[in-house]
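S.K.: Fold the following for me, if possible:
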Amino acid sequence: MYNLDDIIKQFGRNIKAERSRLGLSQDELANRMNVNTQYISKIECGKQNMSLKKIIELTNYLNADLKDILRF
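M.R.: Here you go, the predicted structure:
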């Protein structure tokens, strides 16, 4: 059985890894996505759940493969 909290935390770690791979700060990514930096921080800390639409948008901004972002 999947634990939602564990999945959200792993998702956040995956986002942070992809953002770091590109050399982007949280602020730079937030500006690209037209969201605030706190939103990105909450995602990376596993405190923010995202819609599938936002996950795909974020994946595109990171120029990442969706399978890497959703790797649990």
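S.K.: only C-alpha atoms for contact and neighbour calcs from this point on.
M.R.: Fine.
S.K.: I'd say Thr59 and Asp68 touch.
M.R.: No - using Cα atoms under 8 Å as the test, Thr59 is too far from Asp68 to be in contact (9.2 Å).
S.K.: which helix is the longest one in the chain?
M.R.: helix 4-21 (DSSP state H).
S.K.: Which SSE is immediately downstream of that helix?
M.R.: Where DSSP states H and E defines the elements, the next helix or strand beyond helix 4-21 is helix 26-33.
S.K.: what angle do that next one and helix 4-21 make?
M.R.: Per axes from the mean of the first three to the mean of the last three Cα atoms, to 10 degrees, the angle that helix 26-33 makes with helix 4-21 is 90 degrees.
S.K.: still on that earlier bit, quick one, which of Thr59 and Asp68 is more surrounded?
M.R.: Thr59 (20 against 14; other Cα atoms under 10 Å).
S.K.: Count the residues that sit near the spatially closest residue to that one that is not a sequence neighbour.
M.R.: Leaving out its chain neighbours, the residue that sits closest to Thr59 by Cα to Cα, 6 or more residues apart in numbering is Leu66, at 6.2 Å. Counted with other Cα under 10 Å, residues neighbouring Leu66 total 13.
S.K.: Could you pull up the contacting residues of the residue positioned nearest the centre of the chain?
M.R.: When Cα atoms, centre = their mean is applied to the chain, the residue found nearest the centroid is Ile15 (3.5 Å). By Cα atoms under 8 Å, 6 or more residues apart in numbering, the contact set of Ile15 is 43-44, 69.
S.K.: Kindly reformat those residues as CSV and extend each row with distance to Ala30 and pLDDT.
M.R.: Output for those, formatted as CSV (distance: Cα to Cα, whole Å; pLDDT from 0 to 100):
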residue, distance to Ala30, pLDDT
Ile43, 11, 97
Glu44, 12, 97
Ile69, 17, 92
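S.K.: Can you tell me which of those residues end up in helices?
M.R.: Per DSSP H, the contacts of Ile15 map to helices at 43-44, 69.
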